[in-house]
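In: Got a sequence here, can you build the structure:
(2 chains)
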Amino acid sequence: MNTEWLSINPRKVVHETIDGEAILIQLETGAYYSLEGSGPDVLQLVDSGTTRQDAVTALEGRYGANGGALATAVEHLIDELAAEELIEVGVGAPDTAEAGGAGPTADHNGGFKTPVLRKFTDLQELLLLDPIHEIDDSGWPNAPER
Amino acid sequence: MAQRAGALASPHRAFWDGLTAGARRAEESAGTDVRQILVGDVRLELRFAGNSVREAIFPALQHLERLGEDSPAVVINLWDSAETGVAPPPSPFDLSDLASRGEMAPDPDGPIRVLCLPDAPVFMAWNRDDAEAVVWVRDSASIPGHELASPLRTLLQWMLEPLGVFPVHAASVAREPGGVLLAGFSGAGKSTTSVACLERGFTFAGDDYVALTGIDAPRALSLYSTVKLKGHGLELLQGVPGAPRGKPIKGVSKEVLYLGEYRPELIRADIPLRAIVLPSHRVATGVRRTSPANSLRALAAPSILAIPQNGHGTMRYLAALVAALPSYEIGLDGDLDRVARELAALCEGPT
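Out: Below you'll find the model as predicted:
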């Protein structure tokens, strides 16, 4: 089975976590997100460079396997993050030499909490306005020299 | 991207050289008007070739004008073709190079970035290595309304962030000794709250965009003297004896009031921040604590998405800011006297 490497492309995604909630902004689509529960733990693992399996293993080691519920929830979140282009999934060797360094550092006293990803699209219009179609022929300076 | 035959320089460099050479010729043709403004501790020099561009955009910045001996941190050269008679350089870019948010052929790692407002047209170029910018517009009469009300916003972002000053989409009002940052998306009530406070003894650093700096002692810095109003906010203002009407500006759905012309004493260039407040028409009257994550979302998303930038510096700064200051939400449904009293308590209270 191929290894699936997970990463965050800093040219596409900006994120910070505060008080157990991660805020993510997808710069290309204009959508932004709130990630709660144990989702920020997953995000931190991905940001450090990890594989899909290692992410599950790391969280099971911290919280317990929980009869497979944890693995299912983490796998679902990874798929969701990938579908929203918040993380990238690569097959084979990672791009970076070192990966999977840092583990979750959040407060784990409450045990594993099902990750909840909320998506906001009300600002997409800031990106998706297409000025090219709003200009006429006179709206461009001198043509390039040929 | 169109490539000129025989050109060795990058398209960005070639265009930069053409724009700066044009600016020099425009100054020779129409004369130079040099103004300096202070954003916090950062001195910026604006060199206008001729008068028309200055007359169009400087009213929104004039409240920041400060003469001084210090060398400017950055220089912005501004010129047009209509008044100076100097043609712009050939563009090495095609329309297909125009990316989202107006950046031409984005090269975030290069020293030169180019912004285009194609419907005017306006080109703005920033050279990080030289700490210098050039703005060219074909005719000052065609500058988009948003650039009249909030000029040079993207350039200011590119210039100020490396200096630890972060322009953001937010308002700030103050009572001695401190003030609050009003964060929220368009329509949340930042301008309405700002106007309600202005008429109740507050001062103001901006109703839509301010710059932030510092973490241990965070401050909101004024960028623009304009207030953009419509609906309830405009009715509030028109109900004040002696208040002028806002100016309708093409392309801006709100009326724009130049507060610097009306009540310059109400503008405060530098406000020590005591709290972050999220105004909302959707929550009940009253002030209550909210999470730092709510503040981060309300500040970061509209600030970062509105301007071509990588966003990481602004995001890190804002995360530290919301961790350092208490966050509240305040309901705007009804009694604006109460809103002003509650905000005054936050401004005047202990840090």
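In: Number of residues surrounding B:L64?
Out: When neighbours are defined as other CB atoms under 10 Å in any protein chain shown, B:L64 has 23 of them. Just so you know, the C-beta spots here come from the backbone N, C-alpha and C atoms, and that holds for glycine as well.
In: how about low-confidence regions in chain A?
Out: For chain A, the stretches with pLDDT under 70 are A:1, A:93-110, A:125-146.
In: which residues in it form helices?
Out: A:39-48, A:52-63, A:69-83, A:125-128 (DSSP state H).
In: okay if I get those as CSV plus mean neighbour count and distance to B:D216?
Out: CSV is the format used below for those (neighbours: other CB atoms under 10 Å in any protein chain shown; distance: least, CB to CB, whole Å):
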stretch, mean neighbour count, distance to B:D216
helix A:39-48, 24, 26
helix A:52-63, 18, 34
helix A:69-83, 17, 34
helix A:125-128, 14, 32
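In: could I get those as JSON lines with distance to chain B?
Out: Below are the helices of chain A laid out as JSON lines (distance: least, CB to the nearest CB, whole Å):
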{"stretch": "helix A:39-48", "distance to chain B": "10"}
{"stretch": "helix A:52-63", "distance to chain B": "21"}
{"stretch": "helix A:69-83", "distance to chain B": "17"}
{"stretch": "helix A:125-128", "distance to chain B": "5"}
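In: how close does the most centrally placed residue in chain A get to chain B?
Out: Central residue check for chain A by CA atoms, centre = their mean: the C-alpha nearest the mean position is that of A:L86, 3.2 Å away. Noted for A:L86: a distance of 14 Å to chain B, by CB to the nearest CB, to the nearest Å.
In: so what's that residue up against?
Out: Remark: with contacts taken as CB atoms under 8 Å, 6 or more residues apart in numbering or on different chains, A:L86 is in contact with A:8, A:13, A:15, A:24, A:26, A:33.
In: which ones are touching the second one?
Out: Same thing as A:V13. So A:V13 contacts A:24-27, A:85-87 (CB under 8 Å, 6+ apart).
In: bridging residues for it?
Out: As for beta bridges, A:V13 partners with A:Q26 under DSSP bridges.
In: try the last one
Out: A:Y33 has the following beta-bridge partners by DSSP bridges: A:L24, A:K119.
In: rewinding a little: quick one: which of the helices of chain A is nearest B:W16?
Out: Closest to B:W16 of the helices of chain A is helix A:125-128 (CB to CB; 25.7 Å).
In: Could you check how many residues crowd around residue 16?
Out: You didn't say which chain, so I picked chain A. A:E16: 22 neighbours (other CB under 10 Å).
In: right idea, wrong chain: chain B
Out: 24.
In: Look up how far B:V134 lies from it.
Out: 7 Å (CB to CB, to the nearest Å).
In: now swap in B:L278 and tell me
Out: Counting by CB to CB, the gap from B:L278 to B:V134 is 38 Å.
In: go on, A:A83?
Out: A:A83 is 42 Å from B:V134, where distance means CB to CB.
In: if we can go back for a sec, find residues that contact each of B:W16 and B:V134.
Out: B:A125.
In: just to revisit the earlier point, and which of the contacts of A:L86 is nearest B:A320?
Out: A:H15 (14.4 Å).
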